[in-house]
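Engineer: output the structure for:
(one chain, ligands or ions: 1)
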Amino acid sequence: QKVSVIGLGYIGLPTAALIARGGAQVVGVDVSAHVVETVNSGRVHIEEVDLDGLVQGVVARGNLRASLSVEASDVFIIAVPTPVAEDRAPDISYVLQAARTVAPVLKNGDTVILESTSPVGTTEAMRDLIAELRPDLRMPAPGVAGDIAIAYCPERVLPGRILVELIDNDRCIGGITPRCARKALGFYRQFVRGACITTTARAAEMVKLVENSFRDVNIAFANELSVIADRMDIDVWEVIRLANRHPRVNILQPGPGVGGHCIAVDPWFIVHGDPENARIIRTAREVNDGKTDYVVAKSSDMIDAFAGEDVACLGLAFKPNIDDFRESPAVKVASRLARRYGKRVKLVEPYAQDLPMEFAGTGAELIDLDTALEQCGVFIILVDHDMFKSVPVDERAGKAVYDTRGIWPDQPRRQPEPAAQRIAV
Ligand code: SAJ
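Structural biologist: Sure, this is the predicted structure:
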């Protein structure tokens, strides 16, 4: 069996490597010559637990190779980006471009599976495009079996656990026809241990969007609570902990906003599909983005109240214990503070070698946690890295702390000195 994986990103490369480990001949196709060269030399261009060793092994054994061009295969998996445009409209141009490159090498009997998160109807649009480009092929349609199988099967893996979750998670496989879905299911069964459940392509597209929107809405609930509790001078972490003792309540954790490449993006695909009715989903997005502005404003108040003291922003990653800073609310908050307060702002991020470009020209610098504890009087906690959680209370006594992640619940409150006294000093 020969499999082509189009797009060697966070999903495509691990998927290609896993299928190759199962013994198939896999070609990974990417538009970047750098990515192709890196993979062909047995190395990886993305950070993911255990991926480097796996890729090295399958490339050395000759089961995986990368290429700039698509070749005839039995199965094609498309895993390319689907960003949102400025106006929040989903951009499926990379998916359509991938379909255009696959079309010339397709033959009856092949299977084409889309894995990219996509607005409802994208798999059908892909089928229509291929049908237009290759009128000689027997394409599937409702009530027409066809000889090409076209399916949608979203990925659901969590960065940091991708290789484990690619095997263990249940998969939902949507076909243009039930026969397409069964054909794709036969393919996934080869390397997935979780349950594989078939449905229509449209339902499967919606399932993916709904999963991430569900999480976004639930985080928005926690973020809204955190602002209300602040105003009422109640500890939101304690409220959530106690409410979650109810057998049917499970509130998520507030933070400085929602980051990453999926949860803050995918809900817009639903909103764009039905703007009139997607009210909670849109509001949740606004609440989560608004929380970032709220954190900037509240941090600024604290920094102003302790004028003259250096400020440590703890964490830049988009979530704990990873080195991914893209679309990170922590970067958004810290860089806005750095632009406003310049050299007073210090960044602590054990997972970063250098500061992200958002900090260019601000004068802010990266320091380690020990230095921050010695030098800084104000702490803004933005990421719940394990390393930050482990600082004992006596090492942070006397610090003014704004803890957006609730990791230092025992921190004593520090009041700013009255303005008159500060001037006297
Ligand atoms: N976050 C909170 N509070 C919480 C949980 C998360 O503020 O209680 C924040 C995180 O700090 C982070 C953001 O949400 O900024 C997203 O983190 P995450 O761990 O919830 O999710 P991702 O983006 O790493 O991965 C998600 C997963 N989707 C779901 O859990 C429904 C993953 O399974 C998907 O495969 C992935 O999106 C994707 O690629 O779509």
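
Engineer: which residues of the stretch 251-400 of the chain fall in helices?
Structural biologist: 266-273, 279-305, 329-341, 369-375, 386-389 (DSSP state H, counting those that start in this stretch).

Engineer: redo the ones you listed as TSV? Include mean neighbour count, distance to Pro254 and mean pLDDT.
Structural biologist: To be clear about C-beta, it is placed using only N, CA and C from the backbone, and glycine gets the same treatment. Below are those laid out as TSV (neighbours: other C-beta atoms under 10 Å; distance: least, C-beta to C-beta, whole Å; pLDDT from 0 to 100):
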stretch	mean neighbour count	distance to Pro254	mean pLDDT
helix 266-273	22	18	97
helix 279-305	18	7	98
helix 329-341	24	11	98
helix 369-375	14	23	98
helix 386-389	15	16	97
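
Engineer: got JSON lines for those, with distance to Gly259 too?
Structural biologist: Shown next, in JSON lines, are those (distance: least, C-beta to C-beta, whole Å):
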{"stretch": "helix 266-273", "distance to Gly259": "13"}
{"stretch": "helix 279-305", "distance to Gly259": "9"}
{"stretch": "helix 329-341", "distance to Gly259": "5"}
{"stretch": "helix 369-375", "distance to Gly259": "21"}
{"stretch": "helix 386-389", "distance to Gly259": "17"}
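
Engineer: out of these, the one nearest Glu165 is which?
Structural biologist: With C-beta to C-beta as the criterion, Glu165 lies closest to helix 266-273 of the helices of the stretch 251-400 of the chain, at 17.2 Å.

Engineer: and that closest one, what other elements does it pack with?
Structural biologist: If you count contacts as 3 or more C-beta pairs under 8 Å, 6 or more residues apart in numbering; DSSP states H and E, helix 266-273 packs onto helix 201-231, helix 279-305.

Engineer: just the CA trace of that helix, in PDB.
Structural biologist: Taking Å, rounded to 0.1, in the frame of the first residue of the first chain, the C-alpha atoms of helix 266-273 are listed here in PDB:
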ATOM      1  CA  ASP A 266     -12.600  27.000  14.900                       C
ATOM      2  CA  PRO A 267     -15.700  28.500  16.500                       C
ATOM      3  CA  TRP A 268     -15.500  31.300  13.900                       C
ATOM      4  CA  PHE A 269     -16.100  28.600  11.200                       C
ATOM      5  CA  ILE A 270     -19.500  27.900  12.800                       C
ATOM      6  CA  VAL A 271     -20.300  31.600  13.400                       C
ATOM      7  CA  HIS A 272     -19.500  32.300   9.700                       C
ATOM      8  CA  GLY A 273     -21.700  29.400   8.600                       C
END
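
Engineer: any idea how far it is from the chain center?
Structural biologist: Relative to its chain's centre, helix 266-273 lies at 16 Å (C-alpha atoms, centre = their mean, to the nearest Å).

Engineer: what's the answer for stretch 383-397, then?
Structural biologist: The answer for stretch 383-397 is 26 Å, by C-alpha atoms, centre = their mean.

Engineer: and what of stretch 282-296?
Structural biologist: Per C-alpha atoms, centre = their mean, the centroid offset for stretch 282-296 relative to its chain is 17 Å.

Engineer: what's the answer for stretch 216-233, then?
Structural biologist: Per C-alpha atoms, centre = their mean, the centroid offset for stretch 216-233 relative to its chain is 22 Å.

Engineer: now swap in stretch 299-310 and tell me
Structural biologist: That offset, for stretch 299-310, works out to 32 Å (C-alpha atoms, centre = their mean).

Engineer: show residues contacting it.
Structural biologist: For stretch 299-310, the external contacting residues (C-beta atoms under 8 Å, 6 or more residues apart in numbering) are 311, 333, 337, 340-341, 344-346, 375-378, 380, 400, 402, 416, 422.

Engineer: save the helices of the stretch 251-400 of the chain as CSV, and put in distance to the ligand too.
Structural biologist: Listed next are the helices of the stretch 251-400 of the chain as CSV, based on distance: least, C-beta to the nearest ligand atom, whole Å:
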stretch, distance to the ligand
helix 266-273, 6
helix 279-305, 8
helix 329-341, 6
helix 369-375, 20
helix 386-389, 14
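
Engineer: residues near Thr101, how many?
Structural biologist: When neighbours are defined as other C-beta atoms under 10 Å, Thr101 has 16 of them.

Engineer: which residues does it contact?
Structural biologist: Ile6, Val29, Ser69, Val70.

Engineer: and it, what helix or strand is that in?
Structural biologist: According to DSSP states H and E, Thr101 maps onto helix 93-102.

Engineer: just confirm Thr199 is within a strand.
Structural biologist: Yes: with DSSP: H, G, I helix; E, B strand; the rest coil as the criterion, Thr199 is located in a strand.

Engineer: which residues does the closest residue to the ligand within the stretch 1-150 of the chain contact?
Structural biologist: Nearest to the ligand in the stretch 1-150 of the chain, going by C-beta to the nearest ligand atom, is Thr117, at a distance of 5.9 Å. With contacts defined as C-beta under 8 Å, 6+ apart, the neighbours of Thr117 are Thr82, Pro154, Lys208, Leu209, Asn212, Cys262, Val265, Asp266, Phe269.

Engineer: quick one: buried residues of stretch 126-142?
Structural biologist: Met126, Arg127, Leu129, Ile130, Ala131, Arg134, Leu137, Met139, Pro140 (16 or more other C-beta atoms under 10 Å).

Engineer: do stretch 199-209 as well
Structural biologist: Thr199, Thr200, Ala201, Arg202, Ala204, Glu205, Met206, Val207, Lys208, Leu209.

Engineer: these two touch, right, the fourth one and Thr122?
Structural biologist: No: taking C-beta atoms under 8 Å as the definition, Arg202 is not a contact partner of Thr122, at 9.3 Å.

Engineer: out of the contacts of Thr101, list just those in helices.
Structural biologist: Nothing among the contacts of Thr101 maps onto helices, per DSSP state H.

Engineer: from the residues you listed, which are also near the ligand?
Structural biologist: Judged by C-beta under 6 Å from any ligand atom, the overlap between the contacts of Thr101 and the neighbourhood of the ligand is nil.
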